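Fold the following.
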Amino acid sequence: MSKLNVSSSASAALSTADVGYDLILLWGQSNMSGRGTPYDTTRYDPSDPRIQQWGASGTYAGVISQAIEPLAMLDVPSGIGPGLVFARWYLHSSPVNRRVLLVPSALGGTQLSTASATGWRRGVAGGLYAQAVAQAQAALAAAGTNARIAAILWIQGETDGDNGISGATHQTDLDALITGARTDLGLPSLPFVMGQMVPEYLATGTRAAVNTVHLGTPGRNTRCRIAAGVYGQNLGDGNHYNAVAQRVMGRSMFDAYQRVLTGASDPTPPAVPGQVTGLATSSVGATALTLTWSALSGAGAYNLQQKTTAGSTWVSIATTTAGLTANATGLTTGTSYDFRVIPVSTAGPGTVSATVSATPVDHGLGQSVVPARAYSLRLVVPGYAGSAVKVRRSSDSTTQDIGFVSGALDTASLLTFCGAGDGFVDTWYDQSGNTRHLTQATTTTQPKLVSSGAVITSGGKPAATFDGVDDVVFSTTPNLFAAGSASVCGVLTAATPVAQKRWWAEAVIAQTNFQYGLNQPDNVAGGGLSRARPLVSIQIVSSDATYQGAGNAFNGSIHQMSGTDTGTVMAQWLDAAVDLAPVAYVRGVGEPTRDRFAIGGVVRSGSLAPLAMNFSEAVFWASVLPTLDRMTAEANQKAFYGTP
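As a prediction, this is how the structure comes out:
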C-alpha cells in the first residue's frame, strides 16, 4: 500500500470557512454492501464520530446518523464492506474541519446490464441507478452548507458474469453509468473508484470478460482507478470477501482514490497465467479423491472443476491459494468423473488444464486402499460375498454361518439358529478378501454374540462380548508389523481395565516383549489406564507419557479409534479427534517374526492378556492411510455406530 498523501486531496490545515461533509457514494452489489465476516466493531471495525451515513433502509433511512458496521444499505448486510474503512483513511488526509457522510446504496445480487428495475443500468425508470442518484442528491441537500460529493466507490460484476453477460455489453453499460453519474450529479470530474471482484472466482461464467472490462476502465474513462482484488481471504461461497479482505480493499480503494487525485496510474496487473500441468488423482475412495497439480508461475489461485464424464456441465468444487492439492468429495461410487484446474490471477483466468478422469471405488469404509484385514458384523467391504461369522449355539454346539441382509447382520437367521440360548463366535470371517479369518476352537473361550435369545448390541448395533478372562479369536498369519507400516480404524466399548490388557495385537506366542498394536489400553495405572497408547515391543516404554493418548478411550462408553504407524512415527485419534500427535520411535533390529494376530487380547509367552469389551468392528491396512481416507473411514464408523 502507498503512504498517505495528505497534500493531494486538500490542505490539512483547519479552514473555519469550509466546515462540512464530504460525501462518499457506495454503489454496487454485495461486496460493496458488506458480507465480510467476522467483523469486530470494538477493535478492527470501529465507528468514528466524524463519519456519518445517510441510510438507505431501516431505522436510519433518509436521516444522518452515526456510521456503524454493518451500514444501512438497500439490503441488510451480514458483514462489512470497504466503505467505512475507506472513510477512516480518507479522514487521515482531510483537514479537521471536514467530516465524511457515507451514502450506502448497494444491493446484493444485482446486475448492471439489465433493463430490470432491480439492476444498475442508467436510464431504467425506478432502477437502482436512479435510486442511488436520488439518494445522493437528498443526502447532499441534508448535509447542508459546504457539503460536496467526493467520490463514487463501486464493486459489482459477479451477477453479470453469472448471467453470461458479454464483455462488450457490460462495458457499454459501465461506461454509461460512469459518464451518466457525473452528468446527473453535475460533477464532470467526479472520481470513480472500482474494487475488483474476488480473484479466485473469476473463472465463473463470463466473469473473466467482465474483469477484463474493469481492468480497462481507467483507460477509457478519466479520473477512474481500480483497486486490485485480495487473494486468499474469501468466504468460500464463490462470491464474497471476508472481513480481512474488506479491510484491505477499503485501504486499497483509498490508495486508488489518491491516484485519481495525483494522476498516477494503477499498478500494472500481472499477466494472465498459462496452463497448469501435472493434474493427477490419488486416494480414489468411494465418495472422495485427492487432486494434485504442478505449480504455475503467475497463478495467484487455482480453481478446481468437475463434471460427470457423461455430463457436460462443469462445476467449481474448490479454489485454493495455499497449495497444490484439493479434495473432491460427495462423489458417487461407480460413476466416472472428469476434473480440470484453471489458474487465476487478478488479470483473469488462465488456460484450462488437460482433463483427468477417475471412478470412485469403495474398498471398505469408503477407502481407496484395499484393507489387509476387515472384521465386522455389518458388510463393511462392498463386494464381499461371504458370511460375517460362524456361530456356535449353546444348546448342542452346532455351528452355522451367518451372513448379511441388505448389508446388516442377518439377525433373524441368527436368532432362529440360537433359539432361547446363547450364540458364540467360532470363526470371524475376514471381509478383505485375504482370507485372514479369526477362529477359536475352544468353546469356553469363544466371544458371545447372543445371550439368552437376544442379540448383544453396542451403540444399537450387533456386537460381540469378550469376557476379559479367556475369550479371544486369532489367526497364525500376522502381517501388519512385518509390512513396515499399518493403520487401523475400530469401534469398541470397554471399561477401564487393569494393566497389560489388549483389544488386538500381533505377538510372538513363545515370548513376552515382542508385541505390536495401536490404540491399546495404557500399561501403567499411574499413567491412566483409560487412555490409549501404541505398543511396539520394548521400544515404547510403558511409563513414557510421550506415547500416551489424551482422551479416555476405555471408560465404558462406545468409541471410534484410529491409529497409524509409518514404521518410524505413530499417531492416534479418538472419535476422529487427535488423541496422540505424531511421535517418533525406533524399531528394534533383528526382531523375531510375529506368529499370532488376535482380537480380544494378546497371545504371548504361552498365555493371554485379554480385554473385557463389546467389540463391534475393526479394519486394518498394511500401510498408512492418506488423511482423506482415514477421515472418511472415521466419519463412516462414527455415523454408523453413533460414537461421540
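
Now do Gly433 against Asp160, distance only.
Look at Gly433 and Asp160: by CB to CB, to the nearest Å, they are 55 Å apart. Every residue, glycine included, has its C-beta placed from N, CA and C.

More neighbours: the two, which one.
Asp160 (30 against 16; other CB atoms under 10 Å).

Now do the helix or strand harbouring the more buried one: which elements does it pack against?
Element membership for Asp160 (DSSP states H and E) is helix 158-162. With contacts defined as 3 or more CB pairs under 8 Å, 6 or more residues apart in numbering; DSSP states H and E, the packing partners of helix 158-162 are helix 207-220.

which helices and strands does the helix it packs on pack with?
Checking 3+ CB pairs under 8 Å, 6+ apart, helix 207-220 ends up next to helix 158-162, helix 167-184, strand 224-227, strand 348-349.

State the mean pLDDT of the longest one.
Confidence over helix 167-184 (mean pLDDT, whole number) is 98.

who touches the helix or strand following it?
Next along the chain after helix 167-184, taking DSSP H and E as the criterion, comes strand 192-195. Residues outside strand 192-195 that contact it (CB atoms under 8 Å, 6 or more residues apart in numbering) are 28, 31-32, 82, 151-155, 178, 181-182, 214, 217, 221, 223-227, 229, 249, 252-253, 256-257, 260.

Arg531: how many residues sit nearby?
Arg531, neighbours per other CB under 10 Å, totals 22.

nope, Ile402 is what I was after
26.

do Thr212 as well
Neighbours of Thr212 using other CB under 10 Å come to 18.

ok, now how distant is Val583 from Asp544?
With CB to CB as the criterion, Val583 and Asp544 are 10 Å apart.

Show me how the chain divides into domains.
The chain breaks down into these domains under automatic domain parsing: 22-262, 280-358, 373-467, 473-641.

In JSON lines, list those domains along with distance to Thr16.
Below are those laid out as JSON lines (distance: least, CB to CB, whole Å):
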{"stretch": "domain 22-262", "distance to Thr16": "7"}
{"stretch": "domain 280-358", "distance to Thr16": "44"}
{"stretch": "domain 373-467", "distance to Thr16": "78"}
{"stretch": "domain 473-641", "distance to Thr16": "64"}
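
Thought Arg251 was touching Trp89, still the case?
Yes - counting by CB atoms under 8 Å, Arg251 is a contact partner of Trp89 at 5.8 Å.

Next, the contact list for the nearest residue to Pro462 once chain neighbours are set aside, please.
Excluding the flanking residues, the one nearest Pro462 by CB to CB, 6 or more residues apart in numbering is Leu377, at 4.3 Å. By CB under 8 Å, 6+ apart, the contact list for Leu377 reads Ala388, Val389, Leu409, Leu449, Lys461, Pro462, Ala463, Ala464, Ser616, Glu617.

Can you read off the backbone torsions of the fifth one?
It refers to Lys461. With angles defined as degrees, to the nearest 10, Lys461 sits at phi -120, psi 150.

immediately after whichever strand or helix holds Gln53, which helix or strand?
Element membership for Gln53 (DSSP H and E) is strand 51-54. Downstream of strand 51-54, the next assigned helix or strand under DSSP H and E is strand 64-66.

Which helix or strand lies directly C-terminal to that following strand?
helix 83-92.

Could you list every helix and strand that that next one packs against?
strand 20-28, strand 51-54, strand 98-104, strand 148-155, helix 243-262.

And the average pLDDT for the first one is what?
Taken as a whole, strand 20-28 has a mean pLDDT of 98.
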